[in-house]
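*Asks:* need a 3D model of the sequence below.
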Amino acid sequence: MKKILLISSVGGHLTQLLQLEPLFQKYNYHIVTEKTDVTKSLKAKYPISFLTYGARNYPFRYMFKFSYNIFKSLFLFLRHRPDVVITTGTHTAVPMCYIAKLFRKKVVYIESFAKSHSPNMAGKMVYPIADLFIVQWESMKEFYPKAVYGGSIY
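*Replies:* This next block holds a predicted model:
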């Protein structure tokens, strides 16, 4: 059975990722997100690991937290050895996507539903390496010509 690792930051990105539950329940899966008061309660329902929460509005602190999360992502990748990494973004997921490619694993990126007229930074960074890049708005194909329009996941 294929192993999948689902990763996203908290908030809307995680909400979108969890909309895929009917699909990911069919696989051996593990979820990775940032640790907050909200996400800690998910541990009762899902196999989940946490990265350090780090908002980019504090650049100096964020630099250290992001660096730590890169190493923790490598540890989690090696621990779970997924065949596929699926993400709805954002900055939290980028290192995991590159780690997956280093190990020749598949990367599936789903651009946020909130992005209908401009790409986000994580999408631009993962697009060149994604095996499957899905947009939820047809208009986003202007920025990601090789993307697949998948419609809304809500």
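*Asks:* show me where this protein has its helices.
*Replies:* Here the chain has its helices, by DSSP state H, at 12-18, 21-24, 37-40, 59-80, 94-102, 121-126.
*Asks:* closest to residue 47 out of those helices?
*Replies:* helix 59-80 (9.0 Å; CB to CB). Just so you know, the C-beta spots here come from the backbone N, C-alpha and C atoms, and that holds for glycine as well.
*Asks:* how far away from the center of its chain is the closest one?
*Replies:* 14 Å (CA atoms, centre = their mean, to the nearest Å).
*Asks:* now it: buried residues?
*Replies:* Of the residues in helix 59-80, those buried by neighbour count under the rule 16 or more other CB atoms under 10 Å are 65-66, 69-70, 72-73, 76-77, 80.
*Asks:* now swap in stretch 31-42 and tell me
*Replies:* Neighbour-count burial for stretch 31-42 [16+ other CB under 10 Å]: 31-34, 39.
*Asks:* go ahead and confirm residue 137 touches residue 115.
*Replies:* Yes: applying CB atoms under 8 Å as the test, residue 137 and residue 115 come out as touching, 7.3 Å apart.
*Asks:* of the buried residues of stretch 31-42, which belong to strands?
*Replies:* Secondary structure defined by DSSP state E assigns 31-34 of the buried residues of stretch 31-42 to strands.
*Asks:* between these, which is nearest residue 20?
*Replies:* Using CB to CB, residue 31 comes nearest to residue 20 of these, at 10.2 Å.
*Asks:* just give the nearest non-adjacent residue to residue 27, would you?
*Replies:* residue 4 (4.9 Å; CB to CB, 6 or more residues apart in numbering).
*Asks:* spit out the contact partners of that neighbour.
*Replies:* Shown in contact with residue 4 (CB atoms under 8 Å, 6 or more residues apart in numbering): 24, 27-30, 82-86.
*Asks:* check what pLDDT the most far-flung residue of the chain relative to its centre gets.
*Replies:* In the chain, residue 60 marks the outermost C-alpha relative to the chain mean, sitting 23.3 Å out by CA atoms, centre = their mean. Per-residue pLDDT puts residue 60 at 80.
*Asks:* which one is the residue nearest to the spatial centre of the chain nearest to, not counting chain neighbours?
*Replies:* Computing the C-alpha centroid of the chain and ranking residues by CA atoms, centre = their mean puts residue 87 first, at 2.6 Å. Sequence neighbours aside, residue 93 is the residue nearest to residue 87 in space, at 3.9 Å (criterion: CB to CB, 6+ apart).
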